[in-house]
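K.L.:
Predicted model and sequence follow; I will ask about them next.
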Amino acid sequence: MKGRSLLDLADYSLEEITHLLDLAERFRSEGIPRAHADKFFCALFFNPSLRTRTSVEIACSRLGIHPIVHNVGAGVWKLETRDGVRMDGDAAEHVRDAVGHFLNRTVHGLGVRCFADPNASWEENRRDQVLRAIAAVSDVPVVNLESATGHPMQGLADLMTLRRKLDGPPEKRTVAVTWAYHPRALPTAVADTALVAFARAGYGVRLIHPPGFELDDEVMLAARRASQGRFSIHHDLDDGLYGVDAIYAKSWGGRGRGGGAPAPDAYRDWIIDSRRQALGAPAGFMHCLPVRRNVVVTDDVIDGPLSWVAEQAEARMWTQAAVLHELL
Ligand code: CP
(Lines give C-alpha, C1' and ligand atoms only; values in the text may rest on other atoms or scores of the structure.)
Protein backbone atom coordinates (compact mmCIF):
# COMPACT_ATOMS: atom_id res chain seq x y z
CA MET A 1 0.00 0.00 0.00
CA LYS A 2 3.02 2.28 0.32
CA GLY A 3 2.62 5.43 -1.72
CA ARG A 4 -1.09 4.94 -2.44
CA SER A 5 -3.83 7.42 -1.66
CA LEU A 6 -7.02 6.55 0.19
CA LEU A 7 -9.80 8.54 -1.43
CA ASP A 8 -12.53 5.89 -1.32
CA LEU A 9 -12.70 2.59 0.58
CA ALA A 10 -14.04 1.01 -2.59
CA ASP A 11 -10.55 1.44 -4.11
CA TYR A 12 -9.21 -1.06 -1.57
CA SER A 13 -9.80 -4.79 -1.73
CA LEU A 14 -11.45 -6.62 1.14
CA GLU A 15 -8.08 -8.22 1.88
CA GLU A 16 -6.43 -4.79 2.14
CA ILE A 17 -9.20 -3.50 4.40
CA THR A 18 -8.88 -6.58 6.60
CA HIS A 19 -5.12 -6.01 6.78
CA LEU A 20 -5.68 -2.39 7.92
CA LEU A 21 -8.20 -3.52 10.55
CA ASP A 22 -5.85 -6.25 11.81
CA LEU A 23 -3.04 -3.70 12.07
CA ALA A 24 -5.32 -1.24 13.90
CA GLU A 25 -6.22 -4.01 16.34
CA ARG A 26 -2.53 -4.77 16.87
CA PHE A 27 -1.79 -1.10 17.53
CA ARG A 28 -4.65 -1.05 20.03
CA SER A 29 -3.25 -3.97 22.01
CA GLU A 30 0.50 -3.42 21.57
CA GLY A 31 0.81 0.32 20.97
CA ILE A 32 1.70 2.36 17.88
CA PRO A 33 5.37 2.14 16.81
CA ARG A 34 7.38 5.27 15.98
CA ALA A 35 7.99 3.85 12.53
CA HIS A 36 7.89 7.13 10.57
CA ALA A 37 10.11 9.50 12.55
CA ASP A 38 10.96 12.77 10.80
CA LYS A 39 8.11 12.62 8.31
CA PHE A 40 5.47 15.33 7.87
CA PHE A 41 1.73 15.04 7.23
CA CYS A 42 -0.29 18.08 6.24
CA ALA A 43 -4.05 18.02 6.79
CA LEU A 44 -6.14 20.60 4.94
CA PHE A 45 -9.51 21.19 6.61
CA PHE A 46 -12.06 23.05 4.49
CA ASN A 47 -14.69 22.23 7.16
CA PRO A 48 -14.77 21.87 10.97
CA SER A 49 -13.77 18.71 12.83
CA LEU A 50 -13.15 17.49 16.36
CA ARG A 51 -12.55 13.72 16.10
CA THR A 52 -10.80 13.53 12.74
CA ARG A 53 -8.47 16.40 13.52
CA THR A 54 -7.61 15.15 17.00
CA SER A 55 -7.19 11.50 16.06
CA VAL A 56 -5.06 12.33 12.99
CA GLU A 57 -2.77 14.47 15.12
CA ILE A 58 -2.44 11.77 17.79
CA ALA A 59 -1.94 8.98 15.24
CA CYS A 60 0.76 11.03 13.49
CA SER A 61 2.52 11.88 16.74
CA ARG A 62 2.59 8.28 17.89
CA LEU A 63 3.99 7.17 14.52
CA GLY A 64 6.70 9.82 14.81
CA ILE A 65 5.14 11.90 12.00
CA HIS A 66 4.88 15.64 12.56
CA PRO A 67 1.26 16.71 11.83
CA ILE A 68 0.60 20.10 10.27
CA VAL A 69 -3.09 21.00 10.35
CA HIS A 70 -4.50 23.96 8.42
CA ASN A 71 -7.99 25.40 8.38
CA VAL A 72 -8.23 26.48 4.75
CA GLY A 73 -9.28 30.12 4.46
CA ALA A 74 -8.51 30.82 8.13
CA GLY A 75 -4.79 31.26 8.67
CA VAL A 76 -3.87 29.79 5.29
CA TRP A 77 -5.01 31.09 1.89
CA LYS A 78 -8.39 30.20 0.54
CA LEU A 79 -7.73 27.66 -2.24
CA GLU A 80 -9.00 27.49 -5.81
CA THR A 81 -9.43 23.96 -7.14
CA ARG A 82 -10.90 24.57 -10.60
CA ASP A 83 -8.54 24.67 -13.55
CA GLY A 84 -8.40 27.49 -16.04
CA VAL A 85 -10.46 30.01 -14.07
CA ARG A 86 -9.60 33.69 -13.73
CA MET A 87 -8.82 33.93 -10.02
CA ASP A 88 -10.42 37.24 -9.21
CA GLY A 89 -12.72 35.86 -6.48
CA ASP A 90 -12.10 34.91 -2.83
CA ALA A 91 -9.43 32.27 -3.42
CA ALA A 92 -5.89 33.67 -3.28
CA GLU A 93 -4.01 30.49 -4.21
CA HIS A 94 -4.54 27.56 -6.58
CA VAL A 95 -3.99 23.97 -5.41
CA ARG A 96 -1.59 23.59 -8.36
CA ASP A 97 0.69 26.00 -6.50
CA ALA A 98 -0.13 25.12 -2.88
CA VAL A 99 0.26 21.38 -3.46
CA GLY A 100 2.00 21.03 -6.82
CA HIS A 101 4.59 23.75 -6.24
CA PHE A 102 5.04 23.53 -2.49
CA LEU A 103 3.55 20.71 -0.36
CA ASN A 104 4.76 18.02 -2.80
CA ARG A 105 8.31 19.07 -1.97
CA THR A 106 7.89 19.44 1.79
CA VAL A 107 5.53 16.81 3.24
CA HIS A 108 5.13 13.04 2.94
CA GLY A 109 1.34 12.84 2.94
CA LEU A 110 -1.77 14.99 2.69
CA GLY A 111 -5.18 14.79 4.34
CA VAL A 112 -8.22 16.61 2.99
CA ARG A 113 -11.59 17.34 4.56
CA CYS A 114 -13.99 18.92 2.08
CA PHE A 115 -17.72 18.36 2.57
CA ALA A 116 -20.34 18.49 -0.15
CA ASP A 117 -21.22 22.06 -1.11
CA PRO A 118 -24.83 22.68 0.03
CA ASN A 119 -25.23 25.23 -2.78
CA ALA A 120 -24.06 22.86 -5.52
CA SER A 121 -26.20 20.31 -7.32
CA TRP A 122 -26.18 16.61 -6.53
CA GLU A 123 -24.36 15.98 -9.81
CA GLU A 124 -21.68 18.58 -9.04
CA ASN A 125 -21.06 17.15 -5.57
CA ARG A 126 -20.74 13.65 -6.99
CA ARG A 127 -17.60 14.83 -8.82
CA ASP A 128 -15.90 15.53 -5.46
CA GLN A 129 -14.07 18.42 -7.12
CA VAL A 130 -11.92 19.60 -4.20
CA LEU A 131 -10.61 16.18 -3.18
CA ARG A 132 -10.03 15.04 -6.76
CA ALA A 133 -8.29 18.29 -7.76
CA ILE A 134 -5.86 17.99 -4.86
CA ALA A 135 -5.24 14.30 -5.50
CA ALA A 136 -4.61 15.05 -9.19
CA VAL A 137 -1.69 17.38 -8.45
CA SER A 138 -0.28 15.55 -5.43
CA ASP A 139 2.87 13.42 -5.65
CA VAL A 140 2.37 12.13 -2.10
CA PRO A 141 -0.44 9.93 -0.70
CA VAL A 142 -3.72 11.78 -0.15
CA VAL A 143 -6.08 10.60 2.57
CA ASN A 144 -9.77 11.52 2.43
CA LEU A 145 -10.79 12.90 5.83
CA GLU A 146 -14.42 13.21 4.63
CA SER A 147 -15.32 14.54 1.26
CA ALA A 148 -18.53 15.04 -0.69
CA THR A 149 -18.73 11.36 -1.58
CA GLY A 150 -17.31 9.44 1.36
CA HIS A 151 -15.68 9.20 4.75
CA PRO A 152 -13.35 6.18 4.46
CA MET A 153 -11.59 6.82 7.76
CA GLN A 154 -14.93 6.73 9.54
CA GLY A 155 -15.84 3.59 7.60
CA LEU A 156 -12.72 1.79 8.83
CA ALA A 157 -13.42 2.80 12.42
CA ASP A 158 -17.01 1.60 12.05
CA LEU A 159 -15.85 -1.76 10.70
CA MET A 160 -13.38 -2.10 13.57
CA THR A 161 -16.21 -1.39 16.02
CA LEU A 162 -18.53 -3.96 14.43
CA ARG A 163 -15.75 -6.56 14.52
CA ARG A 164 -15.14 -5.88 18.21
CA LYS A 165 -18.79 -5.78 19.25
CA LEU A 166 -20.43 -8.50 17.19
CA ASP A 167 -19.22 -12.07 17.69
CA GLY A 168 -19.24 -14.62 14.92
CA PRO A 169 -19.22 -14.21 11.15
CA PRO A 170 -20.66 -10.98 9.68
CA GLU A 171 -22.87 -13.14 7.47
CA LYS A 172 -24.94 -13.93 10.58
CA ARG A 173 -25.37 -10.25 11.50
CA THR A 174 -27.50 -7.37 10.22
CA VAL A 175 -26.83 -3.66 10.51
CA ALA A 176 -29.46 -0.96 9.95
CA VAL A 177 -28.21 2.31 8.47
CA THR A 178 -31.04 4.68 9.22
CA TRP A 179 -31.83 8.27 8.40
CA ALA A 180 -32.76 10.39 11.43
CA TYR A 181 -34.37 13.80 11.65
CA HIS A 182 -32.06 16.83 11.80
CA PRO A 183 -32.91 20.53 11.52
CA ARG A 184 -30.28 20.94 8.77
CA ALA A 185 -29.68 19.00 5.57
CA LEU A 186 -26.41 17.17 6.19
CA PRO A 187 -24.12 15.45 3.63
CA THR A 188 -24.50 11.79 2.72
CA ALA A 189 -20.79 10.86 2.92
CA VAL A 190 -20.87 8.85 6.16
CA ALA A 191 -23.94 6.86 5.15
CA ASP A 192 -22.58 6.27 1.62
CA THR A 193 -19.36 4.78 2.96
CA ALA A 194 -21.00 2.77 5.74
CA LEU A 195 -23.59 1.20 3.47
CA VAL A 196 -21.08 -0.18 0.98
CA ALA A 197 -18.36 -1.02 3.53
CA PHE A 198 -20.74 -3.04 5.71
CA ALA A 199 -22.16 -4.92 2.73
CA ARG A 200 -18.67 -5.72 1.39
CA ALA A 201 -17.61 -6.98 4.82
CA GLY A 202 -20.46 -9.48 4.73
CA TYR A 203 -23.05 -7.88 7.02
CA GLY A 204 -26.68 -7.86 6.05
CA VAL A 205 -27.58 -4.20 5.51
CA ARG A 206 -30.93 -2.45 5.85
CA LEU A 207 -31.17 1.11 4.58
CA ILE A 208 -34.02 2.99 6.27
CA HIS A 209 -35.21 6.46 5.25
CA PRO A 210 -38.37 8.39 4.45
CA PRO A 211 -39.31 8.63 0.76
CA GLY A 212 -37.28 11.40 -0.90
CA PHE A 213 -34.12 10.73 1.10
CA GLU A 214 -32.63 8.10 -1.20
CA LEU A 215 -28.85 7.83 -1.32
CA ASP A 216 -26.95 7.99 -4.58
CA ASP A 217 -28.06 5.32 -7.09
CA GLU A 218 -24.48 4.09 -7.56
CA VAL A 219 -23.99 3.74 -3.81
CA MET A 220 -27.17 1.72 -3.40
CA LEU A 221 -26.26 -0.43 -6.38
CA ALA A 222 -22.78 -1.09 -4.98
CA ALA A 223 -24.25 -2.08 -1.61
CA ARG A 224 -26.83 -4.32 -3.26
CA ARG A 225 -24.20 -6.04 -5.42
CA ALA A 226 -21.84 -6.57 -2.48
CA SER A 227 -24.50 -7.82 -0.11
CA GLN A 228 -25.25 -11.14 -1.84
CA GLY A 229 -28.98 -10.69 -1.41
CA ARG A 230 -28.93 -9.30 2.13
CA PHE A 231 -29.55 -5.61 1.31
CA SER A 232 -33.02 -4.12 1.73
CA ILE A 233 -34.60 -0.66 1.77
CA HIS A 234 -37.32 0.33 4.27
CA HIS A 235 -39.45 3.46 4.56
CA ASP A 236 -40.89 2.50 7.95
CA LEU A 237 -38.38 3.00 10.76
CA ASP A 238 -39.81 0.44 13.19
CA ASP A 239 -40.19 -2.15 10.48
CA GLY A 240 -36.57 -1.69 9.36
CA LEU A 241 -35.14 -2.02 12.86
CA TYR A 242 -36.83 -5.28 13.72
CA GLY A 243 -34.25 -7.92 14.70
CA VAL A 244 -31.08 -6.00 13.68
CA ASP A 245 -27.78 -6.31 15.58
CA ALA A 246 -26.71 -2.70 15.20
CA ILE A 247 -28.44 0.60 14.47
CA TYR A 248 -26.29 3.18 12.67
CA ALA A 249 -28.17 6.48 12.80
CA LYS A 250 -27.28 9.39 10.53
CA SER A 251 -29.10 12.27 8.97
CA TRP A 252 -28.68 13.46 5.41
CA GLY A 253 -30.37 15.84 3.03
CA GLY A 254 -32.86 14.74 0.44
CA ARG A 255 -31.59 14.56 -3.10
CA GLY A 256 -34.28 16.76 -4.55
CA ARG A 257 -34.09 19.38 -1.83
CA GLY A 258 -30.95 21.32 -2.83
CA GLY A 259 -29.80 24.41 -1.01
CA GLY A 260 -29.71 22.71 2.38
CA ALA A 261 -33.47 22.77 3.01
CA PRO A 262 -34.38 21.01 6.28
CA ALA A 263 -36.49 17.87 6.46
CA PRO A 264 -40.23 18.40 6.95
CA ASP A 265 -41.52 18.56 10.54
CA ALA A 266 -43.51 15.41 9.81
CA TYR A 267 -40.26 13.47 10.22
CA ARG A 268 -39.33 14.82 13.64
CA ASP A 269 -40.23 11.46 15.18
CA TRP A 270 -37.43 9.74 13.20
CA ILE A 271 -35.35 9.47 16.36
CA ILE A 272 -33.69 6.43 17.96
CA ASP A 273 -35.13 5.98 21.44
CA SER A 274 -35.13 3.03 23.84
CA ARG A 275 -38.37 1.59 22.42
CA ARG A 276 -36.91 1.53 18.92
CA GLN A 277 -33.56 0.20 20.09
CA ALA A 278 -35.41 -2.65 21.79
CA LEU A 279 -36.82 -3.70 18.40
CA GLY A 280 -33.33 -5.01 17.62
CA ALA A 281 -31.72 -8.31 18.49
CA PRO A 282 -30.72 -6.39 20.88
CA ALA A 283 -29.02 -3.70 18.84
CA GLY A 284 -25.96 -1.60 19.57
CA PHE A 285 -26.29 2.10 18.80
CA MET A 286 -23.78 3.63 16.38
CA HIS A 287 -23.22 7.21 15.25
CA CYS A 288 -20.11 8.88 13.83
CA LEU A 289 -20.58 12.01 15.99
CA PRO A 290 -21.17 14.91 16.30
CA VAL A 291 -24.81 14.16 17.09
CA ARG A 292 -27.75 16.28 18.21
CA ARG A 293 -29.07 14.67 21.37
CA ASN A 294 -32.82 14.20 21.66
CA VAL A 295 -33.13 15.03 17.96
CA VAL A 296 -31.27 12.07 16.37
CA VAL A 297 -31.00 9.88 19.50
CA THR A 298 -32.32 10.12 23.04
CA ASP A 299 -29.97 10.60 26.00
CA ASP A 300 -30.75 7.20 27.48
CA VAL A 301 -29.76 5.39 24.28
CA ILE A 302 -26.50 7.23 23.60
CA ASP A 303 -25.50 7.02 27.28
CA GLY A 304 -26.81 3.47 27.68
CA PRO A 305 -25.00 0.13 27.88
CA LEU A 306 -25.54 -0.63 24.18
CA SER A 307 -24.09 2.64 22.93
CA TRP A 308 -20.97 2.01 20.83
CA VAL A 309 -20.22 5.63 19.92
CA ALA A 310 -17.18 5.92 22.21
CA GLU A 311 -15.72 2.74 20.72
CA GLN A 312 -16.26 4.14 17.22
CA ALA A 313 -14.63 7.46 18.06
CA GLU A 314 -11.62 5.81 19.71
CA ALA A 315 -11.25 3.46 16.75
CA ARG A 316 -10.59 6.49 14.55
CA MET A 317 -7.17 6.79 16.18
CA TRP A 318 -6.16 3.15 15.71
CA THR A 319 -7.44 2.85 12.16
CA GLN A 320 -5.91 6.15 11.04
CA ALA A 321 -2.59 5.12 12.56
CA ALA A 322 -2.82 1.88 10.55
CA VAL A 323 -3.58 3.78 7.32
CA LEU A 324 -0.78 6.30 7.77
CA HIS A 325 1.63 3.54 8.79
CA GLU A 326 0.97 1.65 5.57
CA LEU A 327 0.58 4.52 3.08
CA LEU A 328 3.49 6.69 4.18
N1 CP B 1 -16.94 11.63 12.79
C2 CP B 1 -16.17 12.67 12.47
O3 CP B 1 -15.58 12.74 11.40
O4 CP B 1 -16.08 13.64 13.44
P5 CP B 1 -15.50 15.10 13.22
O6 CP B 1 -16.41 15.77 12.21
O7 CP B 1 -15.56 15.76 14.57
O8 CP B 1 -14.12 15.00 12.70
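P.N.:
Nice, I can see it.
K.L.:
okay, CA-based contacts and neighbour counts for the rest of this
P.N.:
Noted.
K.L.:
ok, the closest residue to residue 9 other than its chain neighbours - contacts?
P.N.:
Using C-alpha to C-alpha, 6 or more residues apart in numbering and skipping residues adjacent in sequence, the residue nearest residue 9 is residue 152, 5.3 Å away. Listed by C-alpha atoms under 8 Å, 6 or more residues apart in numbering, the contact set of residue 152 reads 6-9, 144-146, 193.
K.L.:
Contacts only, for the residue in the stretch 201-328 of the chain positioned nearest to the ligand.
P.N.:
Nearest residue of the stretch 201-328 of the chain to the ligand, counting by C-alpha to the nearest ligand atom: residue 288, 4.3 Å away. For residue 288, the contacting residues are 154, 190, 250, 309, 312-313, by C-alpha under 8 Å, 6+ apart.
K.L.:
so the residue in the stretch 101-250 of the chain positioned nearest to the ligand, which of the three states?
P.N.:
Proximity of the stretch 101-250 of the chain to the ligand (C-alpha to the nearest ligand atom) peaks at residue 154, 6.2 Å away. What DSSP: H, G, I helix; E, B strand; the rest coil gives for residue 154 is helix.
K.L.:
do the same with the one 3 residues further on
P.N.:
Classification of residue 157 by three-state DSSP places it in helix.
K.L.:
The stretch 101-250 of the chain against the ligand: which residues are in contact?
P.N.:
Within the stretch 101-250 of the chain, no position is adjacent to the ligand by C-alpha under 6 Å from any ligand atom.
K.L.:
one step back: neighbours of the residue of the stretch 101-250 of the chain closest to the ligand, just the number please.
P.N.:
25 (other C-alpha atoms under 10 Å).
K.L.:
Kindly report the same for residue 164.
P.N.:
Neighbours of residue 164 under the rule other C-alpha under 10 Å: 11.
K.L.:
now residue 228
P.N.:
Residues near residue 228, counting by other C-alpha under 10 Å, number 14.
K.L.:
ok, now the one 5 residues further on?
P.N.:
Applying other C-alpha under 10 Å, we find 17 residues neighbouring residue 233.
K.L.:
in the sheet, who's paired with it?
P.N.:
Note on residue 233: beta-bridge partners by DSSP bridges are residue 207.
K.L.:
Would you confirm that it contacts residue 208?
P.N.:
Yes. With contact defined as C-alpha atoms under 8 Å, residue 233 reaches residue 208; the gap is 5.8 Å.
K.L.:
Show me whatever sits in contact with both of these two.
P.N.:
Residues touching both residue 233 and residue 208 by C-alpha under 8 Å, 6+ apart: residue 240.
K.L.:
What are the boundaries of the strands in the stretch 1-150 of the chain?
P.N.:
Along the stretch 1-150 of the chain, the segments classed as strands by DSSP state E, counting those that start in this stretch run 39-45, 65-72, 75-76, 79-80, 93-94, 109-114, 142-147.
K.L.:
so which of the ones you listed is the most packed in?
P.N.:
strand 142-147 (a mean of 27; mean count of other C-alpha atoms under 10 Å).
K.L.:
okay, the angle between that one and strand 109-114?
P.N.:
In terms of direction (axes from the mean of the first three to the mean of the last three C-alpha atoms, to 10 degrees), strand 142-147 departs from strand 109-114 by 20 degrees.
K.L.:
can you give me the mean pLDDT across strand 142-147?
P.N.:
Strand 142-147 carries an average pLDDT of 98.
K.L.:
try stretch 213-224
P.N.:
Per-residue scores along stretch 213-224 average to 94.
K.L.:
So which residues make contact with that stretch?
P.N.:
For stretch 213-224, using C-alpha under 8 Å, 6+ apart, the contacting residues are 188, 192, 195-197, 199-200, 230-232, 252-255.
K.L.:
among those residues, which are in helices?
P.N.:
When these are checked against helices (DSSP state H), the matches are 192, 195-197, 199-200.
K.L.:
Of the residues you listed - the most surrounded one?
P.N.:
Going by other C-alpha under 10 Å, residue 195 tops these with 29 neighbours.
K.L.:
residue contacts, that one?
P.N.:
177, 205, 207, 219-220, 223.
K.L.:
Between the residues you listed, which sits nearest residue 292?
P.N.:
residue 177 (17.0 Å; C-alpha to C-alpha).
K.L.:
quick one: the strand or helix carrying that closest one to chain centroid distance?
P.N.:
Using DSSP states H and E, residue 177 sits within strand 174-179. Offset of strand 174-179 from its chain centre (C-alpha atoms, centre = their mean, to the nearest Å): 15 Å.
K.L.:
Done for today, thanks.
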